[in-house]
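1. predicted model and sequence below, questions to follow.
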Amino acid sequence: MNSNTKTPDLTRQKLLEAAFAEIHRNGFQAASLSQILADTGYTKGALYHHFPDKKALGLAVIEEAIRPRLAAMMFEPLTATLKPLAAMQAMFAAKSSETEPWVVVLGCPLNNLMQEMSPVDETFRLHLNKLFQDWVTVLAQALERGKAAGEVRAEVHAEDTAFFIVSALEGCIGMSKNTQSVAAYRSCLAQLGRFLDTLKN
């Protein structure tokens, strides 16, 4: 009985992961439901049992696949730290040291969808903007803690600076995807790291 209660959740999760991969590769509008079903081995009935249409699937990908990934990668290292600049420098160093950064090939899944869907679907735009703003808020709160702890200069405007840093990082990834250049990606991260140095107390 216990395994039966878990089966629907496992099915949903596998569909979400396959949909995330398909959307990340091809974008939402070009994403193929047939490919998602082929990747999971599930039927259309199983898909539509969990998601009434493609749009519902796409929105679920934002909240249940992209958000947790972003939270693990960007939110959690900043959530309690008193040294946000050091935490971000460590993040950038880790990203720069990746042998084959997947973002150079595929881009950031959040940014990809923001560029593709925000101009054409208001529901998508609102979900994507909420996730982006949550990221900015987490970073702004971390910068405020850094100011209180003496790592960040007192005159730094946390909210504006957080918005700039998130936007700059997404810009680094987006332009590196366009150039398909790992060197450009690493150089951009290094420049962003140098900007962080200017915020130190």
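-> Okay, I see it. What you are looking at is a predicted structure, and each value in this text was computed from that prediction instead of being measured.

2. for residue 5, give me the pLDDT.
-> Looking at residue 5, its pLDDT reads 51.

3. against residue 63, how distant is the closest residue to residue 65 other than its chain neighbours?
-> Of all residues beyond its chain neighbours, the one nearest residue 65 is residue 20 (4.0 Å), with distances taken as Cβ to Cβ, 6 or more residues apart in numbering. C-betas here are computed from N, CA, C, even on glycine. Using Cβ to Cβ, to the nearest Å, we find residue 20 at a distance of 11 Å from residue 63.

4. which ones are touching the residue nearest to residue 65?
-> Going by Cβ atoms under 8 Å, 6 or more residues apart in numbering, residue 20 touches 61, 65-66, 109.

5. how much space between it and residue 189?
-> Counting by Cβ to Cβ - residue 20 and residue 189 are separated by 24 Å.

6. distance of the residue at minimal distance from the centre of the chain relative to residue 113?
-> With the centre of the chain defined as its mean C-alpha position, the nearest residue by Cα atoms, centre = their mean is residue 70, 4.2 Å away. Using Cβ to Cβ, residue 70 is found at 12 Å from residue 113.

7. could you point out the longest helix of this protein?
-> Taking DSSP state H as the criterion, the chain has its longest helix at helix 122-149.

8. from what I can see residue 39 touches residue 16, true?
-> No - between residue 39 and residue 16 there is no contact under Cβ atoms under 8 Å: 11.6 Å.

9. which one of the two has more residues nearby?
-> The residue with more neighbours, out of residue 39 and residue 16, is residue 16; 20 against 16, by other Cβ atoms under 10 Å.

10. for that one, give me its contacts.
-> The contact partners of residue 16, taken as Cβ under 8 Å, 6+ apart, are 57, 60-61, 64-65.

11. can you select the buried ones among those residues for me in ChimeraX?
-> To isolate the buried subset of the contacts of residue 16 in ChimeraX, counting by 16 or more other Cβ atoms under 10 Å, use the following:
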select :57,60,61,65
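
12. could the contacts of residue 16 go into a markdown table alongside distance to residue 129?
-> Formatted as a markdown table, the contacts of residue 16 follow (distance: Cβ to Cβ, whole Å):
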| residue | distance to residue 129 |
| --- | --- |
| 57 | 20 |
| 60 | 17 |
| 61 | 16 |
| 64 | 17 |
| 65 | 17 |
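
13. got the CA coordinates for the host helix or strand of residue 171 in PDB?
-> Following DSSP states H and E, one finds residue 171 within helix 158-179. Output in PDB follows, covering the C-alpha atoms of helix 158-179 (Å, rounded to 0.1, in the frame of the first residue of the first chain):
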ATOM      1  CA  ALA A 158      21.500  45.900  -0.800                       C
ATOM      2  CA  GLU A 159      18.400  45.700  -3.000                       C
ATOM      3  CA  ASP A 160      19.900  47.500  -6.000                       C
ATOM      4  CA  THR A 161      23.200  45.700  -5.800                       C
ATOM      5  CA  ALA A 162      21.500  42.300  -5.500                       C
ATOM      6  CA  PHE A 163      19.400  43.100  -8.600                       C
ATOM      7  CA  PHE A 164      22.600  44.100 -10.500                       C
ATOM      8  CA  ILE A 165      24.600  41.000  -9.400                       C
ATOM      9  CA  VAL A 166      21.800  38.600 -10.400                       C
ATOM     10  CA  SER A 167      21.300  40.400 -13.700                       C
ATOM     11  CA  ALA A 168      25.000  40.500 -14.400                       C
ATOM     12  CA  LEU A 169      25.400  36.800 -13.700                       C
ATOM     13  CA  GLU A 170      22.500  35.900 -16.000                       C
ATOM     14  CA  GLY A 171      24.000  38.200 -18.600                       C
ATOM     15  CA  CYS A 172      27.300  36.300 -18.300                       C
ATOM     16  CA  ILE A 173      25.600  33.000 -18.900                       C
ATOM     17  CA  GLY A 174      23.400  34.300 -21.700                       C
ATOM     18  CA  MET A 175      26.200  35.900 -23.700                       C
ATOM     19  CA  SER A 176      28.400  32.900 -23.100                       C
ATOM     20  CA  LYS A 177      25.700  30.700 -24.500                       C
ATOM     21  CA  ASN A 178      25.500  33.000 -27.600                       C
ATOM     22  CA  THR A 179      29.200  32.900 -28.100                       C
END
